[in-house]
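Enquirer: Whatever this is, show me its structure:
(2 chains)
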Number of protein chains: 2
Amino acid sequence: MEQVYVTGVGMTKFGTLDETITELAKSAALEAIRDSNALDAKFDYVLVGSQNPDEFTGVGHLSTLITDHLGLVPAGATRVETGPSAGSSAFEEAVALVKSGLAQLVLVIGVEKMSGIDRGAASKILAKMISIDSEAKLGGTPAALAALVARRYMHDYGLSRDDLSLIPVKAHKNGAKNPLAHFREEIALEKVSASKMVADPLTLYDCSPTSDGAASVIVASSKAAKTLGRTDDSVKVLAVGHATDYHAVQHRPCLTSLNATVSAAGKAFKMARLRPEDIDVCELHDAFSILELIDMEDVGLVKPGHAIDLVKQGETAIGGRIPVNTTGGLKARGHPTGATGVAQIRDVALQIRGKAPAGLQVKSPEFALTHNIGGFGNNMVVCIFGR
Amino acid sequence: MEQVYVTGVGMTKFGTLDETITELAKSAALEAIRDSNALDAKFDYVLVGSQNPDEFTGVGHLSTLITDHLGLVPAGATRVETGPSAGSSAFEEAVALVKSGLAQLVLVIGVEKMSGIDRGAASKILAKMISIDSEAKLGGTPAALAALVARRYMHDYGLSRDDLSLIPVKAHKNGAKNPLAHFREEIALEKVSASKMVADPLTLYDCSPTSDGAASVIVASSKAAKTLGRTDDSVKVLAVGHATDYHAVQHRPCLTSLNATVSAAGKAFKMARLRPEDIDVCELHDAFSILELIDMEDVGLVKPGHAIDLVKQGETAIGGRIPVNTTGGLKARGHPTGATGVAQIRDVALQIRGKAPAGLQVKSPEFALTHNIGGFGNNMVVCIFGR
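Expert: Sure thing, here's the model as predicted:
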């Protein structure tokens, strides 16, 4: 089977930005293209991961539009959507296209522009991820579901409010060193529990923001990577695992574990022929603080109920045994939904290349993992990368 | 490279229907699953092609929702969107997943529910396909652009109004025999030019309708096809070609040819190692009557300006040398945008299997082609199938 490489990466600042969705996408893509030495290369496909550009921005037909703006016509162009895992799913399609031989060189862009409409309208769009009949109709929101999960986790495993606060504190500590992060200030532990309540027990600092931003990676066959002169500094794609769970939380057997992560990670580790303990650095989908703990457990980094032990021991910080969300995660890097998965891949690719921002580089990581959630815990993509 | 098969197909009636988008998708999928002997099979992925379910129906997160409703959790689930070629693009991703070895068995569904909102709102959603800055802002619509193209084609090649009317007349003649078609009445030639003007010279009967409907096909590896016992009645996927053109019509060098079709068809024929004259039956994207002529020429079935000769000679009718749109095309079968590409694939698969509806079967076709347009002539997918 064809070995697939990430030959270049790019990313805009994440935050509340002036640029349009097309400008953001172009900016990230051009950086990735330059990073790949691919300014003169022929791209076979442009894959765009974006959750809902039509409703967030009024702009439709995004994949064609971006391909045209980038001067990449007549490349095939496709938008891929799986909720907030759209970026990873676009990456997955790129990997499949190259691995199948249908393509040699593919540009992947994840992008979302969420700040152009008012907060209420944005919340309504985001609420479409959850079940209309079983959740949204009854007033459910993603934050409310996360709160339910957090309460149950606290009950089952004795997690305290201050324990949970360690997650956003670490996120902001890393984000402060990431020049592209949405939030670049460290926060004190007390600030988390003292901040505005969103859905008891989750406060403002337990929740990732809505952001604008784009990220991009180039996916290439070994032949294309060689042609670009990028074999030395390229990152190997070792696996992509993708799995769903029941749409509504109430239909799942357990609140404190997300089966789709277990399935997707299981597929990915099998494909990569690796075990969770082989992973040296990872980006996990911490849309809400509680999810970082659950993700660690479901990916297999630690036994259920014990993720917080690793956090307390500093093992998930830079310099620890398994650094998690080294660039701030969704909480501090920001969460332009469709961009997040591609940003995660970009960030671990930089880690493997030894090019992470100052103060965030993990020592010589050999294997890295990304984990991206679509919907509320029901459409997961796990990717594994190596040198 | 792994040979990929279509092992089963399904389709709902197209038209103005009572069913929800989820019900339509389920219904088509279950028929395809049964047709594949796959009721007990494990699907690796569910790929959903849909242009804009969020705005047409208010339903989001469609791929997860449908996968859950079909009982196919934990299959990976992805929605793919390229405007009205979304169905073909979803099929393309399925082919890539199977060809790459990332999947053995994939369910593809194309679906759109367009009748639930008023006509003005639907038009606004569809207008997002065209360029905001260069076309929509100035009052442009897809029909207006098609009218521009038709006028130029008439000027360049001397096509008459009555010549053009032969296309919808043929579409309705075939649609009348297709039990699932949106329109099942034959129409007289005079009716086309006498019907309501939409965008001069195009009348109501030159334009495909907005429809509700779903179609589904199962994409399988040879191993999976064998396990299902479907090797005898399966259809081989010989090629998928995908290409874009400049978003705005005014940026293209020519009005009477669509470069993206030329590119996509060129890629597909190269991959299939076939020539246009090898094709025995095809489904071409006739969203507007003029496009059927242009599609025939761009795919390479006939020289520019001469498509109408084949039509007049009856060569594109059932029994002719190269039957086009045997089941009524977008005009009469209907055009639930995201479903159209999958319906085309379903229809040519039935042709190859000798199972087309009574009166529509082409004699022993060996090779078939589908051609699906996204946007106004800028995101094309061409697929080639064989026995």
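Enquirer: can we go C-alpha only for contacts and neighbour counts from here?
Expert: Fine.
Enquirer: which residues in the stretch 251-387 of chain A form strands?
Expert: A:281-283, A:367-374, A:379-386 (DSSP state E, counting those that start in this stretch).
Enquirer: Buried residues of the second one, list them for me.
Expert: So the one you mean is strand A:367-374. Using 16 or more other CA atoms under 10 Å in any protein chain shown as the burial criterion, the residues of strand A:367-374 that qualify are A:Phe367, A:Ala368, A:Leu369, A:Thr370, A:His371, A:Asn372, A:Ile373, A:Gly374.
Enquirer: gap between that strand and the chain center?
Expert: 6 Å (CA atoms, centre = their mean, to the nearest Å).
Enquirer: do the same with the last one
Expert: When distances are taken as CA atoms, centre = their mean, strand A:379-386 is centred 10 Å away from the chain's centroid.
Enquirer: could you give the angle of that strand to strand A:367-374?
Expert: For strand A:379-386 against strand A:367-374, the angle by axes from the mean of the first three to the mean of the last three CA atoms, to 10 degrees is 170 degrees.
Enquirer: partner strands of strand A:379-386, parallel or antiparallel?
Expert: Strand pairing for strand A:379-386, using DSSP bridges, gives strand A:235-244 (antiparallel), strand A:367-374 (antiparallel).
Enquirer: So, low pLDDT: which residues of chain A?
Expert: Where chain A drops to pLDDT under 70, the residues are A:1.
Enquirer: Just want the most central residue of it.
Expert: Note on chain A: the residue nearest the mean C-alpha position is A:Gly341, at 3.1 Å, using CA atoms, centre = their mean.
Enquirer: okay, now the closest residue to A:Ala243 other than its chain neighbours: neighbour count?
Expert: Ranked by CA to CA, 6 or more residues apart in numbering or on different chains and with sequence neighbours excluded, the top spatial neighbour of A:Ala243 is B:Gly76, at 4.1 Å. Using other CA atoms under 10 Å in any protein chain shown, B:Gly76 has 30 neighbouring residues.
Enquirer: hey, what's A:Tyr5 bridged with?
Expert: With DSSP bridges as the criterion, A:Tyr5 is bridged to A:Ala220, A:Lys236.
Enquirer: Regarding A:Ile109, what are the backbone dihedral angles?
Expert: The phi/psi pair for A:Ile109 (degrees, to the nearest 10) reads phi -130, psi 130.
Enquirer: Any buried residues in stretch A:241-252, and which?
Expert: A:Gly241, A:His242, A:Ala243, A:Thr244, A:Asp245, A:Tyr246, A:His247, A:Ala248, A:Val249.
Enquirer: Name the residues of the stretch 1-150 of chain A found near chain B, please.
Expert: Proximity of the stretch 1-150 of chain A to chain B, by CA under 8 Å from any CA of the partner chain, involves residues A:1, A:55, A:58-61, A:63-65, A:67-68, A:73-83, A:89, A:93, A:96-102, A:128-132.
Enquirer: Show the residue spans covered by the helices in the stretch 1-150 of chain A.
Expert: A:21-35, A:53-57, A:62-69, A:86-99, A:119-127, A:142-157 (DSSP state H, counting those that start in this stretch).
Enquirer: so how far is the third one off the chain centroid?
Expert: In terms of CA atoms, centre = their mean, the centre of helix A:62-69 is found 23 Å from the chain centre.
Enquirer: which of the residues in that helix are buried?
Expert: A:Leu62, A:Ser63, A:Thr64, A:Leu65, A:Ile66, A:Thr67, A:Asp68.
Enquirer: Can you check what angle separates it from strand B:379-386?
Expert: Interaxial angle of helix A:62-69 relative to strand B:379-386 (the same axes, to 10 degrees): 110 degrees.
Enquirer: Can you pull out the residues in contact with helix A:62-69?
Expert: Residues from elsewhere that reach helix A:62-69, judged by CA atoms under 8 Å, 6 or more residues apart in numbering or on different chains: A:22, A:25-26, A:46-48, A:53, A:73, A:75, A:77-79, B:82, B:131, B:244-247, B:378-379.
Enquirer: can we see that at 7 Å?
Expert: Defining contact as CA atoms under 7 Å, 6 or more residues apart in numbering or on different chains, one finds that helix A:62-69 is touched by A:22, A:26, A:46-48, A:73, A:77-79, B:82, B:244, B:246-247, B:379.
Enquirer: ok, of the residues you listed, which one's closest to A:Gly314?
Expert: Minimum distance to A:Gly314 across those is 36.2 Å, recorded for A:Val48 (CA to CA).
Enquirer: If the closest one is in a bridge, with which residues?
Expert: With DSSP bridges as the criterion, A:Val48 is bridged to A:Arg79, A:Ile109.
Enquirer: ok, now which ones touch it?
Expert: A:Ser63, A:Thr78, A:Arg79, A:Val80, A:Ala90, A:Val108, A:Ile109, A:Gly110 are the contacts of A:Val48 under CA under 7 Å, 6+ apart.
Enquirer: please redo it, this time with the cut-off set to 6 Å
Expert: A:Ser63, A:Arg79, A:Val108, A:Ile109, A:Gly110 (CA atoms under 6 Å, 6 or more residues apart in numbering or on different chains).
Enquirer: deepest of the helices of the stretch 1-150 of chain A, which one?
Expert: helix A:86-99 (a mean of 31; mean count of other CA atoms under 10 Å in any protein chain shown).
Enquirer: Show residues contacting that helix.
Expert: With CA under 6 Å, 6+ apart as the test, helix A:86-99 has contacts from A:2, A:47, A:49-50, A:80, A:103-104, A:110, A:221, A:338-339, A:341-342, B:96-97, B:100.
Enquirer: how about the helices of the stretch 1-150 of chain A in JSON lines, adding distance to A:Gln313?
Expert: Formatted as JSON lines, the helices of the stretch 1-150 of chain A follow (distance: least, CA to CA, whole Å):
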{"stretch": "helix A:21-35", "distance to A:Gln313": "36"}
{"stretch": "helix A:53-57", "distance to A:Gln313": "41"}
{"stretch": "helix A:62-69", "distance to A:Gln313": "44"}
{"stretch": "helix A:86-99", "distance to A:Gln313": "30"}
{"stretch": "helix A:119-127", "distance to A:Gln313": "35"}
{"stretch": "helix A:142-157", "distance to A:Gln313": "17"}
